[in-house]
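> dropping the sequence and predicted coords here.
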Amino acid sequence: MNRRIRSLPVLAVLAAALLAYPAQAASPGNDPAALAKIRDTAMASDYAWERTADMTDLIGPRLSGSAGAAAAVTQVAEAMRKLGARVTLQPVKVPHWVRGLESAELVEYQGRPSGISQRVVVTALGGSGATPASGLSAPVLVVKNFDELKARGAEVKGKIVLFDVAFDQHMADRGLAGQAYGQGSAYRRDGPRLAAELGAAAALVRSVGGASYRLPHTGSTGLVDGARIPAAAVTAEDAMLMSRLAKRGPVSMRLLLTPQNLPDADSYNVIADLPGSDKPDEIVIVSGHLDSWDLATGAHDDAAGVASAMAVLETLKKLDYRPRRTIRMIAWMNEENGTRGARGYLAAEQANADKHFGAIESDNGAGRPFGLRASVPAASSKLFAPLQAALLPIGAGVFQRQDALSTGDLSGLERAGVPSFAPLLDTSSYFDYHHTPADTLDKVDPDHLRRHVALMAATTWFLANIEQPIGRANVPGVN
């Protein structure tokens, strides 16, 4: 089908939406010229790329409680002060989990030649307990889902339980990567805890992600003190190997994991305010999270998100645009293994939640943006037509309304009624390197990142200046 013909319905919808407001005075928020200027300025800048490079190449991994996380706080705060923003470091206590040694090998299986063992590529999961210093050896029990774990509960005690659940790349390829990740990550989060409750010696999960190049994907677990068994992710290839061998007969593994769960550490959210002119007490948040897992430099997750939020302030300062409402850039701490930063902010601002006009977070990588996701009332969707029109030239004019986005750091604010926004991105390859050693700067496309900033900057300006109320988030099941 001709692409020009296919685009006509989208243009017609936007044109109709704009014509529906012929008598509406152009406020700074929906002024097409201002939005276009913000878009074009962002598209001509590499500020976000430079800040992403600073965070990844100069600092590297930034797991909560680490020296890298502390360095990121300082780096972002200094960059925001250089822009003239009002910077606050909000204290927060964060988990301090440290990865130790990690290795695994298959030492017994049907048909094993004498003197042969097979190395398994493994990485500890956040919150994992430790094996004895010499490691542990135990039979492997392979299960395909929680129902099978429950059905075979009597076999679990003393075993190393492997959850061999494949990431659904077909879903990811068709725009449903988040849902595919949610299905897989349930086994990483809850599997070790459920195995521990049944007496397992350790738990393994098949890595949650695509691109099966024998890369392990780490992430958090739901393990708690008193039942903190060793827990790790294995590569997709090694999970499939163990499943095949288990069909031949019993399989045993020698596993060594020596992580430490240390006392909570002191850290900070970085808050940088661009004060509003006539509505300074009303707040629009634009944000990303500072921490990353420790296997790589967290370029997509979430240095690019933080850098894009920082670039919003840089774009507006460059244009000397002063918003009506206060724009608050937040670099959240501890999204990956606790969301302590978000919870601390919510506790401090709970009584002031009604003054938060809207909140944006970028935490889905830096793939090409197609538009915006928003938890606004259905009746408010039409108000965003000017923003859609401004973003259409860079291919980001889609507006996708949902009752709730439930994004990590904004979930509490959203439940308190604050409308949440997130870039609608191409995430089809995001989970190839998510939480792996491969999440490095070279995976970030500079053009996609510029479009990312243009979308976030235009949206932030729109929210900070629109005259009409956009309503409040109405999360299902929350009063």
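Right, received. Where do you want to start?
> how much space between Thr221 and Pro369?
Applying C-beta to C-beta, to the nearest Å, the value for Thr221 to Pro369 is 31 Å. In this view, the C-beta of every residue, glycine as well, is placed from N, C-alpha and C.
> oops, could you answer that again for Met80 instead?
Distance from Met80 to Pro369, by C-beta to C-beta: 23 Å.
> ok, now Val120?
On the measure of C-beta to C-beta, Val120 and Pro369 end up 38 Å apart.
> again, but for Leu392
Counting by C-beta to C-beta, the gap from Leu392 to Pro369 is 12 Å.
> just Ser134 next, same as before
For Ser134 relative to Pro369 (C-beta to C-beta), the value is 50 Å.
> neighbour-wise, which of these two wins?
Comparing Ser134 with Pro369 by other C-beta atoms under 10 Å, the one with more neighbours is Pro369, at 26 against 8.
> partners of that one in the sheet?
Counting by DSSP bridges, Pro369 is bridged to Leu425.
> what's near enough to touch it?
Contacts for Pro369 were tallied using C-beta atoms under 8 Å, 6 or more residues apart in numbering; they are 395-396, 423-426, 448, 451-452, 455.
> who wins for neighbours among the residues you listed?
Leu455 (31 neighbours).
> can you report how many residues lie near Pro419?
Neighbours of Pro419 (other C-beta under 10 Å): 24.
> Lys37 versus that one, what's the distance?
Counting by C-beta to C-beta, the gap from Pro419 to Lys37 is 25 Å.
> kindly report the same for Arg189.
44 Å.
> with Val312 instead?
With C-beta to C-beta as the criterion, Val312 and Lys37 are 14 Å apart.
> same question, Glu108
68 Å.
> repeat that for Arg244.
59 Å.
> okay, domains of the protein per the record?
Split into domains by automatic domain parsing, the chain comes to 8-97+263-465, 100-258.
> those domains: lowest mean pLDDT?
Here the domains of the chain differ in mean pLDDT, and the lowest is domain 8-97+263-465 at a mean of 93.
> now the contacts of Pro369 in TSV, with distance to Gly153?
Formatted as TSV, the contacts of Pro369 follow (distance: C-beta to C-beta, whole Å):
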residue	distance to Gly153
Gly395	51
Ala396	49
Pro423	43
Leu424	42
Leu425	40
Asp426	41
His448	47
Arg451	50
His452	46
Leu455	48
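> now, those that are in helices?
If you go by DSSP state H, the contacts of Pro369 have 448, 451-452, 455 in helices.
> for those, which one is nearest Arg62?
His452 (19.8 Å; C-beta to C-beta).
> hang on, that closest one packs against Ala304?
Yes. In this structure, His452 is within contact of Ala304 by C-beta atoms under 8 Å, at 7.2 Å.
> common neighbours of those two, please.
Common neighbours of His452 and Ala304 (C-beta under 8 Å, 6+ apart) are 48, 362, 366.
> mind listing what's buried along the host helix or strand of the first one?
Secondary structure from DSSP states H and E places Ala48 in helix 47-53. Neighbour-count burial for helix 47-53, with 16 or more other C-beta atoms under 10 Å as criterion, is recorded at 47-49, 51-53.
> with distance to Pro323 as extra columns, can I get those residues in TSV?
As requested, the buried residues of helix 47-53 are arranged in TSV below (distance: C-beta to C-beta, whole Å):
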residue	distance to Pro323
Tyr47	18
Ala48	19
Trp49	24
Arg51	21
Thr52	24
Ala53	28
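> report the buried residues of the longest strand seen in the chain.
Determined from DSSP state E, the single longest strand within the chain is strand 260-274. Of all the residues in strand 260-274, those buried under the rule 16+ other C-beta under 10 Å are 261, 265, 267-274.
> with stretch 456-474 instead?
Those would be 456-466, 470, 472-474, for stretch 456-474 by 16+ other C-beta under 10 Å.
> alpha carbons of that stretch, in CSV - could you do that?
The C-alpha coordinates for stretch 456-474 follow below in CSV (Å, rounded to 0.1, in the frame of the first residue of the first chain):
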residue,chain,number,x,y,z
MET,A,456,10.1,14.7,26.1
ALA,A,457,10.9,18.5,25.8
ALA,A,458,7.8,19.3,23.8
THR,A,459,5.6,17.2,26.2
THR,A,460,7.2,18.8,29.3
TRP,A,461,6.6,22.3,27.9
PHE,A,462,3.1,21.5,26.9
LEU,A,463,2.2,20.3,30.4
ALA,A,464,4.0,23.2,32.1
ASN,A,465,2.0,25.8,30.2
ILE,A,466,-1.4,24.4,29.1
GLU,A,467,-4.2,26.5,30.4
GLN,A,468,-6.9,23.8,30.6
PRO,A,469,-6.8,21.1,33.4
ILE,A,470,-6.0,17.7,32.0
GLY,A,471,-7.6,15.8,34.9
ARG,A,472,-6.2,13.3,37.3
ALA,A,473,-5.1,9.7,36.9
ASN,A,474,-7.7,7.2,37.9
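> start at 456, not 1
In the new count, where the first residue is 456, that last one comes out as stretch 911-929.
> for that stretch, the distance to its chain's centre please.
22 Å (C-alpha atoms, centre = their mean, to the nearest Å).
> residues touching the most centrally placed residue in the chain, list them.
With distances taken as C-alpha atoms, centre = their mean, Asp818 lies nearest the centre of the chain, 3.6 Å away. For Asp818, the contact set (C-beta under 8 Å, 6+ apart) comprises 743-744, 756-757, 760, 790, 862-864, 877.
> outside of stretch 486-503, which residues touch it?
481, 483, 759, 762-763, 765-766, 769-771, 773-774, 776, 841-842, 844-846, 848-849, 901, 904-909, 912-913, 916-917.
> now with 7 Å?
Stretch 486-503 is contacted by residues 483, 762-763, 766, 769-770, 773-774, 841-842, 844-846, 849, 901, 904-905, 908-909, 912-913, 916-917 when judged by C-beta atoms under 7 Å, 6 or more residues apart in numbering.
> buried stuff in that stretch?
486, 489-490, 492-494, 496-498, 500, 502-503.
> what about those, which are in helices?
Going by DSSP H, the helices hold 489-490, 492-494, 496-498, 502-503 from the buried residues of stretch 486-503.
> just the closest of these to Ala540, please.
Tyr502 (13.7 Å).
> roughly how far apart are the closest one and Ala821?
Taking C-beta to C-beta as the measure, Tyr502 falls 14 Å from Ala821.
> then Asp749?
Asp749 is 20 Å from Ala821, by C-beta to C-beta.
> which one of those two has more residues nearby?
Ala821 (31 against 25).
> excluding chain neighbours, what is closest to the more buried one?
Sequence neighbours aside, Ala759 is the residue nearest to Ala821 in space, at 3.8 Å (criterion: C-beta to C-beta, 6 or more residues apart in numbering).
> the one you found should be in a helix, yeah?
Yes. The assignment for Ala759 is a helix, going by DSSP: H, G, I helix; E, B strand; the rest coil.
> mind listing what it touches?
Per C-beta under 7 Å, 6+ apart, neighbours of Ala759: 507, 820-821, 899, 904.
> pick out the most distant pair among these.
Among the contacts of Ala759, Thr507 and Gly820 lie farthest apart (C-beta to C-beta), at 11.7 Å.
> how about a markdown table for the contacts of Ala759, with distance to Ser521 added?
Compiled in a markdown table, the contacts of Ala759 are given as follows (distance: C-beta to C-beta, whole Å):
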| residue | distance to Ser521 |
| --- | --- |
| Thr507 | 19 |
| Gly820 | 22 |
| Ala821 | 23 |
| Val899 | 22 |
| Leu904 | 25 |
